[in-house]
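Undergrad: need coordinates for the below:
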Amino acid sequence: MIKRYFLLFASGLIGLTLLLGNTMLFLPKTTAAIENEDSYLYLPLVRKDASPPTIDFLTANVDVTDPGQTIELQWQTTHAISATLYHMMQTGQFGTFWNVTPDGNMTYDIPASTRNFERFMLYANNETGDYTSATVTIILNCPHPWFFAPAPTICAQDAAPDSAGAEQHFEHGIMIWVESEDRIFVLFDDEIFSPKWSTFSDEWEDGQPINDPSLTPPTGLYQPVRGFGLVWREEQGIRDRLGWAVAPESGFVTAVQRTSYAKYNETYIRAHDSNIWYLYAERSNWEKFTPD
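TA: Residues are numbered from 1 along each chain as shown. Model prediction:
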């Protein structure tokens, strides 16, 4: 009997011990958590903005040069991580570009056909995307003098060699032939707004009919012949706008030059009387003036 009570007491004691042990195992360690919290040090987060990029310089090795020459560009930046160098078109638009280092140099071959200037723009960026830019312009000497004065302020695109030419006046305009360009210019003097002048390739060749025998001009007027006649007869609207010729064509020595703008260029032609035919851009008008 005593042995039985002892076994029950021992079993209960063991159970109580296990229960208390498990209870203590899952007690929240409040004191330990507080001590851990006190061990942390919280600091304010400070934001530091990136320094803006700057371009210290963008230069060329020459200020003025000739078309066809090679130039060297050099640049230096501060606080930039990347840069792009653009060749600017003469219209002001972006042309060819190169991804370059923030500090560097590069050579560039100027095309022989380029006139007036070359311009480059450098963009520099920092790590946050902020950017700045700078430009450099190199003036180009005009390789060809104008054949008359006073000359336009812009370079002539090409030279003006003497050329065989012809000129004929009509009831409502003029025709001009320039052998060096194999071209016929038609200047209208009528009430139609546009175009005020046109140009055509000279397609007439020796052996072709010089005129149309079926066309009889009024007394004192003339049918144009050869290249003038072919354009006058075959090109739509030319005969109606010009009318009949008021005199036969006259041969002389002429010359032609054009301006060198990126677009909307003007044409200058030496006239039979040594004055200048001035053809406006976009065929918008024309006039005749006396040079110096």
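Undergrad: check which helix or strand H169 maps to.
TA: Assignment of secondary structure by DSSP states H and E places H169 within strand 163-170.
Undergrad: return the distance of that strand from the chain's centre.
TA: 37 Å (Cα atoms, centre = their mean, to the nearest Å).
Undergrad: just for this protein, where's the confidence low?
TA: Applying pLDDT under 70 to the predicted model, the residue ranges of the chain that meet it are 1-42, 46-48.
Undergrad: quick check: the gap between L73 and T107.
TA: 8 Å (Cβ to Cβ, to the nearest Å). From N, CA and C alone the C-beta is placed, and that goes for glycine too.
Undergrad: more neighbours: the two, which one.
TA: Of the pair L73 and T107, L73 is the one with more neighbours under other Cβ atoms under 10 Å, namely 22 against 9.
Undergrad: from Y108, how far off is that one?
TA: L73 sits 6 Å away from Y108, going by Cβ to Cβ.
Undergrad: what do those two both touch?
TA: F120 (Cβ atoms under 8 Å, 6 or more residues apart in numbering).
Undergrad: what are the buried residues along the strand holding H169?
TA: Within strand 163-170, the residues that qualify as buried are 163, 165-170, counting by 16 or more other Cβ atoms under 10 Å.
Undergrad: format those residues as a markdown table; extra columns: distance to S250.
TA: Listed next are the buried residues of strand 163-170 as a markdown table, based on distance: Cβ to Cβ, whole Å:
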| residue | distance to S250 |
| --- | --- |
| S163 | 15 |
| G165 | 9 |
| A166 | 7 |
| E167 | 6 |
| Q168 | 7 |
| H169 | 9 |
| F170 | 13 |
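Undergrad: need the helices for this structure, in chain order.
TA: For the chain, the helices defined by DSSP state H occupy 2-25, 30-38, 226-234, 238-242.
Undergrad: what's the last one packed up against?
TA: Under the contact criterion of 3 or more Cβ pairs under 8 Å, 6 or more residues apart in numbering; DSSP states H and E, the helices and strands touching helix 238-242 comprise strand 173-178, strand 183-188, helix 226-234.
Undergrad: out of these, which comes closest to M89?
TA: Comparison of the helices and strands packed on helix 238-242 against M89 by Cβ to Cβ identifies strand 183-188 as nearest, at 27.6 Å.
Undergrad: so how far is the closest one off the chain centroid?
TA: With Cα atoms, centre = their mean, you get 30 Å for strand 183-188.
Undergrad: ok, now stretch 122-133?
TA: Averaged C-alpha coordinates place stretch 122-133 at 22 Å from its chain's average position (Cα atoms, centre = their mean).
Undergrad: likewise stretch 216-230?
TA: Stretch 216-230 sits 46 Å away from the centroid of its parent chain (Cα atoms, centre = their mean).
Undergrad: mind saving the C-alpha coords of it as CSV?
TA: Only the C-alpha atoms of stretch 216-230 are listed here, as CSV (Å, rounded to 0.1, in the frame of the first residue of the first chain):
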residue,chain,number,x,y,z
THR,A,216,2.4,80.3,-137.0
PRO,A,217,3.2,83.3,-134.7
PRO,A,218,1.4,86.6,-135.1
THR,A,219,3.1,89.3,-137.1
GLY,A,220,6.1,90.7,-135.2
LEU,A,221,6.3,87.7,-132.8
TYR,A,222,8.4,84.5,-133.0
GLN,A,223,8.2,80.8,-132.2
PRO,A,224,11.1,79.8,-130.0
VAL,A,225,13.5,77.2,-131.5
ARG,A,226,15.8,74.3,-130.5
GLY,A,227,15.9,73.8,-126.7
PHE,A,228,13.7,76.8,-125.9
GLY,A,229,11.2,75.7,-128.5
LEU,A,230,11.1,72.1,-127.1
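Undergrad: list the buried residues in it.
TA: For stretch 216-230, the neighbour count (16+ other Cβ under 10 Å) marks 222-230 as buried.
Undergrad: and what of stretch 102-111?
TA: Applying a neighbour-count criterion of 16+ other Cβ under 10 Å, one finds 102, 108, 110 buried in stretch 102-111.
Undergrad: what is the neighbour count of the residue nearest to the second one when sequence neighbours are not counted?
TA: Nearest residue to Y108, sequence neighbours excluded (Cβ to Cβ, 6 or more residues apart in numbering): I71, at 5.5 Å. Residue crowding around I71 was assessed by other Cβ under 10 Å; the count is 17.
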